[in-house]
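Student: have a look at this prediction, sequence included:
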Amino acid sequence: MAENLLEVKNLKKYFTVKTGVRKKSFVKAVDDISFSVKKGETVSIVGESGCGKSTTGRAIMRLDEPTDGEILFNGKNLRTLSKDELRKARKDIQMIFQDPFASLNPRQTVFQILNEAMAIQRIGENGKRRDKIKNLLQTVGLLEHQIDLLPHQFSGGQRQRIGIARALSVEPKLIVCDEAVSALDVSIQAQVLNLLKELQQKFGLTYLFISHDLGVVRHISDRIIVMYLGKIMEISDSEALFEKQAHPYTKALLSSIPRIDLDSQKDRIILKGDVPSPLSPPSGCPFHTRCPMAIEDCKAIVPALENVRENQASACILRDKV
């Protein structure tokens, strides 16, 4: 069995918000979550906007400093590293961002963007990186002669390939993909997902893939984590999750995936009401205010994440009845 490359233990990320002249409150964007990612695995985090999935990725990268918890990468706690140690560790952990245009410097050529990343991590020698960068461009499906072009001279899909090349340029072990295909057309999404799978096989990469769309992650994920209001609702093997869901929220998310046949639309679960404010989350189960199966106990009991089947865990007191 593969070793855990990443272990997240009791991770919390709270944002302070002023609610009055002297009053402060907290947005519990990520509230005490734990999970692991094995070497060579693709683990996806899915959920509606505001569920905390992107904040989880940013907290792991320490782009947003965690409030509490441990982030173990290859056995080392990233939260205790100095700035210099963290810079070295980031060579092994890279991120692909949602907006491929905003994440690239518009004044730098492709060569300058990738060369800068390699120079920061002291990979290769100055003046000798050009050939490697040309090879990287070919690896991600771009052309050698595009090395001196600026980001605005590329399409959205091509810009995301530059972002992927930048992540690969420092030879990472783990890549956090934060909504890496959500800004792209559907046909381009499929191409980029296929590219990511090819690169994983070629370089032995591990992915933490963040998305709001279960349909997108279905064919790339080994395991899927479903989040709601900063909490994990379900963790499951990808195949098991699509066969039988262990949490009502997962069931509702899955039913919302567009399908061609009209009969499937009859089974769609429409969740009532809006997502509660993270400033004042509900007591008990965070999902009980919208859950079609909720009972009185759901208002008071905070359900633990417990195994339902061998490769599936759910945070629901009615997990056996879902």
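Tutor: Everything's here; your move.

Student: dihedrals phi and psi, residue 174?
Tutor: Note on residue 174: its backbone torsions stand at phi -130, psi 130 [degrees, to the nearest 10].

Student: for the host helix or strand of residue 35, what is the distance to the chain centroid?
Tutor: Assigned by DSSP states H and E, residue 35 belongs to strand 24-38. Centroid displacement of strand 24-38 relative to its chain, using CA atoms, centre = their mean, to the nearest Å, is 13 Å.

Student: so which bits of that strand are buried?
Tutor: Going by neighbour count (16 or more other CB atoms under 10 Å), the buried part of strand 24-38 is 27-31, 33, 35-38. C-beta: built from backbone N, CA, C; applies to glycine.

Student: partners of the following helix or strand past that strand, with directions?
Tutor: Scanning forward in sequence from strand 24-38 by DSSP H and E, the next helix or strand is strand 42-46. In the sheet, strand 42-46 lines up against strand 206-211 (parallel), strand 223-228 (parallel) (DSSP bridges).

Student: now do the last one against strand 24-38, angle only.
Tutor: Direction vectors for strand 223-228 and strand 24-38, defined by axes from the mean of the first three to the mean of the last three CA atoms, to 10 degrees, enclose an angle of 170 degrees.

Student: how about strand 223-228: buried residues?
Tutor: Result for strand 223-228 [16+ other CB under 10 Å]: buried residues 223-228.

Student: could you say what helices and strands the next helix or strand after it packs with?
Tutor: Going down the chain from strand 223-228, the next helix or strand is strand 231-237, by DSSP H and E. With contacts taken as 3 or more CB pairs under 8 Å, 6 or more residues apart in numbering; DSSP states H and E, strand 231-237 sits against strand 24-38, strand 223-228, helix 248-255, strand 312-314.

Student: switch to 10 Å and redo it
Tutor: Counting contacts by 3 or more CB pairs under 10 Å, 6 or more residues apart in numbering; DSSP states H and E, strand 231-237 is packed against strand 24-38, strand 42-46, strand 223-228, helix 238-243, helix 248-255, strand 306-309, strand 312-314.

Student: closest one to residue 96 among the ones you listed?
Tutor: strand 42-46 (13.1 Å; CB to CB).

Student: show the average pLDDT along the closest one.
Tutor: Averaging pLDDT along strand 42-46 gives 97.

Student: equivalent analysis for stretch 64-71, please.
Tutor: The predicted model assigns stretch 64-71 a mean pLDDT of 96.

Student: likewise stretch 151-159?
Tutor: 94.

Student: in it, what's buried?
Tutor: Residues of stretch 151-159 classed as buried by neighbour count (16+ other CB under 10 Å): 151, 154, 157-159.

Student: same check, this time on stretch 10-23
Tutor: 11-14.

Student: among those, which are located in strands?
Tutor: 11-14 (DSSP state E).

Student: and residue 236, what is it in contact with?
Tutor: If a contact means CB atoms under 10 Å, 6 or more residues apart in numbering, then residue 236 has 221, 223-226, 242-247, 250, 308-309, 311-314 as its contacts.

Student: now do 6 Å
Tutor: 224, 312 (CB atoms under 6 Å, 6 or more residues apart in numbering).

Student: likewise the one 5 residues further on?
Tutor: Shown in contact with residue 241 (CB under 6 Å, 6+ apart): residue 224.

Student: state the distance from it to residue 314.
Tutor: From residue 241 across to residue 314, the span is 10 Å (CB to CB, to the nearest Å).

Student: now residue 131
Tutor: Applying CB to CB, the value for residue 131 to residue 314 is 51 Å.

Student: could you check which of the two has the larger neighbour count?
Tutor: residue 314 (28 against 10; other CB atoms under 10 Å).

Student: you'd agree that one is up against residue 307?
Tutor: No: with contact defined as CB atoms under 6 Å, residue 314 does not reach residue 307; the gap is 8.3 Å.

Student: ok, for residue 144, nearest residue in space, not its chain neighbours?
Tutor: Nearest non-adjacent residue to residue 144, counting by CB to CB, 6 or more residues apart in numbering: residue 134, 4.6 Å away.

Student: any idea how far residue 34 is from residue 62?
Tutor: From residue 34 to residue 62 the distance is 18 Å (CB to CB).

Student: residue 39 too?
Tutor: 21 Å.

Student: try residue 44
Tutor: Distance of residue 44 to residue 62, given as CB to CB: 21 Å.

Student: ok, these two, which is more surrounded?
Tutor: residue 44 (25 against 17).

Student: that one bridge partners, please.
Tutor: The partner list for residue 44 in beta bridges (DSSP bridges) reads residue 209, residue 224.

Student: isn't it up against residue 222?
Tutor: No: shown here, residue 44 and residue 222 do not form a contact pair, counting by CB under 6 Å, at 8.6 Å.

Student: what's the closest of the buried residues of stretch 151-159 to residue 138?
Tutor: Closest to residue 138, out of all of those and judged by CB to CB, is residue 158, at 13.3 Å.

Student: report the contact partners of the closest residue to residue 17 other than its chain neighbours.
Tutor: Of all residues not flanking residue 17 in the chain, residue 25 sits nearest, at 5.2 Å (CB to CB, 6+ apart). By CB under 6 Å, 6+ apart, residue 25 lies in contact with 17, 19, 279.
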